[in-house]
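Participant: could you look at this predicted model? Sequence included:
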Amino acid sequence: MSKQEPGSSSMHNMVPCYHTETVAQQEPLWLLDDARKDDKPPPYLLATHEKGFKRPWLDEKIIATINERIEELDPALRELSLKIHDHPEIMWTEHYAHDTLTAFMDSYGFNVTKHYLGLETAWRADFEHRSSAVSKKSPLKTLGLNSEMDALPGIGHACGHNLIAIAGVAVALAVKTALEKHDLDGRIVLLGTPAEEGGAGKIDFIQRGGYKDMDICLMCHPGPGPRNTTGTGPSLAITGIEVEYFGHTAHASAAPWEGQNALDAAFLAYSSVSVLRQQIKPTHRVHGIVEGRDWAPNIIPDYAKMRWLVRAPSAAEVDILRERVINCFKGAALSTGCKMELKVDRTMFDLRQNSVLSSEYHNVSQSQYGVGPNSMEGAIGGSTDFGNVTYELPSLHPSFSIPTEPNGGNHTIGFTRAARTEKAHECTLKVAKALTQVGMRAIIDEEFLSQVKEAFNPNR
């Protein structure tokens, strides 16, 4: 997971996708059983569900406006999703998605900033509405949103970022309509964030102040799971390591003692990490590859390169585990006499879901849209640079299930196909409606927003 710099010439603008073969028609696959309305929330939500928060819910007229607006936008959002899906672009090269999404937001009356913060494929869309009773100088509560855009090398939108993109757009447009129609005060900031897949693009946004003017930030992410389910569990923190070994060539039969075998160093490092796994926690993950080279069996290899990912439930645990892994690499270099060079990526933090936003989201999604808590929550999963955002301000990043093929979870060609289906689109819009209600409440209900901010602790 070596970070590529924005605009790196080594990246390809478009990704070839090998998923055009005809697939036999089959029933969409949902994992496990359907969610039931009497399902209990996961343990980490019980406290907030039992405590409850002062109602009322949003005014019924506002809720109706939200639902109607997203339903009106359905065809346009579907077309937008397919455009992005059919033009997959890997990290830092999302030029088509950048241009398509900014044109779309501009057409709906948002103030659009292209190439935001000096990042070629980043963008920002702003809108604010002030009622006649509010001074133009008074600060407005600001809802932050994220639309991801990047695809994966070779397999396209196998993480469903086309769905993430339109979810952010749907929420932004629905909130805009509700603010205008009901003459409510509020501000929307939708960020188009590139390079989630391996580039940790949101860290660049954070470092350049991209999230500073938001009160909360919301986004969502698709995955496999039971029908009509969603979750707000944690993710794993992650860092990437690139290790290179430099040795000396020699004839493998005539004079092997003159060589220093870089490939042996890589194999020793791999074996050392394999042994290390027995001594790490069940929630920790270390996985890597040896990259190819023009090796020959009668030549002692003088170069080998490996890429590794180190994951743990918290950034602090990643820091500790990373040093143990690096010691494996150092030992391999020492025992083979090779020189070693390391490149360590920036750490993507774990998700710290805001408990108040999470509780409100689950209340809304289950009671109004029949989307219940996912019984698979708590399972070890992936990682995201949105975790770093959750350390900066109150945030929520729910996952939601879409039907997939057998063995067709995230980062598979099956999920690429799943992310293009009408059913996946429908699931996305349900979640977008629920997130819109949560976002609306945060910017118009001061007591609720106060509870949200009270629950945020960047130092825990």
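Facilitator: Noted; the coordinates are in hand. Residues are numbered from 1 along each chain as shown.

Participant: can you pull the buried residues of the helix or strand harbouring residue 72?
Facilitator: Using DSSP states H and E, residue 72 maps to helix 60-85. Neighbour-count burial for helix 60-85 flags 62-63, 65-67, 69-70, 73, 76-78, 80-81, 83-85 (criterion: 16 or more other Cβ atoms under 10 Å). Backbone N, C-alpha and C define where each C-beta goes, glycine included.

Participant: partners of residue 148 in the sheet?
Facilitator: residue 193 (DSSP bridges).

Participant: might you report the residue contacts of it?
Facilitator: 161, 164-165, 193-194, 196, 219 (Cβ atoms under 8 Å, 6 or more residues apart in numbering).

Participant: kindly reformat those residues as a markdown table containing secondary structure.
Facilitator: As requested, the contacts of residue 148 are arranged in a markdown table below (DSSP: H, G, I helix; E, B strand; the rest coil):
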| residue | secondary structure |
| --- | --- |
| 161 | helix |
| 164 | helix |
| 165 | helix |
| 193 | strand |
| 194 | coil |
| 196 | coil |
| 219 | coil |
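
Participant: identify the farthest-apart pair in those residues.
Facilitator: Farthest-apart pair in the contacts of residue 148 is 194 and 219; separation 13.9 Å (Cβ to Cβ).

Participant: the two: who's more crowded?
Facilitator: Taking other Cβ atoms under 10 Å, residue 194 and residue 219 do not tie; residue 194 has more neighbours (31 against 25).

Participant: what segments of the chain are strands?
Facilitator: 111-114, 123-129, 142-148, 186-193, 216-218, 221-223, 229-231, 237-246, 285-291, 303-312, 339-344, 372-373, 395-396, 399-401 (DSSP state E).

Participant: for residue 410, which of those is the nearest?
Facilitator: That would be strand 221-223 among those, by Cβ to Cβ, at 5.5 Å.

Participant: can you give the strand pairings for that closest one, parallel or anti for each?
Facilitator: Strand 221-223 is paired, per DSSP bridges, with strand 399-401 (parallel).

Participant: who's in contact with the partner strand?
Facilitator: Contacts for strand 399-401 (Cβ under 8 Å, 6+ apart): 30-31, 220-233, 371, 374, 427-428, 430-431.

Participant: show me the contacts for the nearest residue to residue 331 once chain neighbours are set aside.
Facilitator: Leaving aside its chain neighbours, residue 331 sits nearest to residue 272 (6.1 Å; criterion: Cβ to Cβ, 6 or more residues apart in numbering). Shown in contact with residue 272 (Cβ under 8 Å, 6+ apart): 328-329, 331-332.

Participant: and the most centrally placed residue in the chain, how far from residue 350?
Facilitator: What sits nearest the mean C-alpha location of the chain, by Cα atoms, centre = their mean, is residue 384, with 4.3 Å. Here residue 384 is placed at a distance of 9 Å from residue 350 (Cβ to Cβ, to the nearest Å).

Participant: which neighbours do the two share?
Facilitator: Common neighbours of residue 384 and residue 350 (Cβ under 8 Å, 6+ apart) are residue 235.

Participant: rewinding a little: out of the contacts of residue 272, which comes closest to residue 120?
Facilitator: Out of these, the member with the shortest distance to residue 120 (by Cβ to Cβ) is residue 329, at 33.5 Å.

Participant: what's the per-residue pLDDT of the closest one here?
Facilitator: Note for residue 329: predicted pLDDT of 99.

Participant: wait, it touches residue 340, no?
Facilitator: Yes: using Cβ atoms under 8 Å, residue 329 makes contact with residue 340 at a distance of 6.2 Å.

Participant: please enumerate the shared neighbours of the two.
Facilitator: With Cβ under 8 Å, 6+ apart as the test, residue 329 and residue 340 both reach residue 243.

Participant: who has more neighbours, the two?
Facilitator: residue 329 (24 against 18).

Participant: pLDDT weak spots in the stretch 351-460 of the chain?
Facilitator: 375-380, 460 (pLDDT under 70).

Participant: I meant the chain, not that one.
Facilitator: Short version for the chain, where the test is pLDDT under 70: 1-56, 134-135, 375-380, 460.

Participant: how is it divided into domains?
Facilitator: 43-235+351-454, 238-344 (automatic domain parsing).

Participant: so which of the ones you listed is the most packed in?
Facilitator: For these, the largest average neighbour count (mean count of other Cβ atoms under 10 Å) is found in domain 43-235+351-454, namely a mean of 21.

Participant: how far off centre is that domain?
Facilitator: Chain-centre distance of domain 43-235+351-454: 10 Å, with Cα atoms, centre = their mean, to the nearest Å.

Participant: now the helices for this structure?
Facilitator: Using DSSP state H, the helices of the chain run over 43-51, 60-85, 95-107, 161-181, 201-207, 262-276, 315-336, 355-369, 386-390, 413-418, 422-444, 446-454.

Participant: a markdown table for these, including distance to residue 138?
Facilitator: Converted to a markdown table, the helices of the chain look like this (distance: least, Cβ to Cβ, whole Å):
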| stretch | distance to residue 138 |
| --- | --- |
| helix 43-51 | 31 |
| helix 60-85 | 21 |
| helix 95-107 | 25 |
| helix 161-181 | 15 |
| helix 201-207 | 27 |
| helix 262-276 | 56 |
| helix 315-336 | 37 |
| helix 355-369 | 24 |
| helix 386-390 | 26 |
| helix 413-418 | 45 |
| helix 422-444 | 13 |
| helix 446-454 | 13 |
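
Participant: closest one to residue 153 among those helices?
Facilitator: helix 413-418 (12.1 Å).

Participant: then the closest one to PDB, C-alphas only?
Facilitator: Extracted as PDB, the C-alpha positions of helix 413-418 are listed here (Å, rounded to 0.1, in the frame of the first residue of the first chain):
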ATOM      1  CA  ILE A 413     -15.000  -9.000  -9.600                       C
ATOM      2  CA  GLY A 414     -18.300 -10.200  -8.400                       C
ATOM      3  CA  PHE A 415     -18.800  -7.100  -6.300                       C
ATOM      4  CA  THR A 416     -17.900  -5.000  -9.300                       C
ATOM      5  CA  ARG A 417     -21.000  -6.500 -11.000                       C
ATOM      6  CA  ALA A 418     -23.100  -6.200  -7.900                       C
END
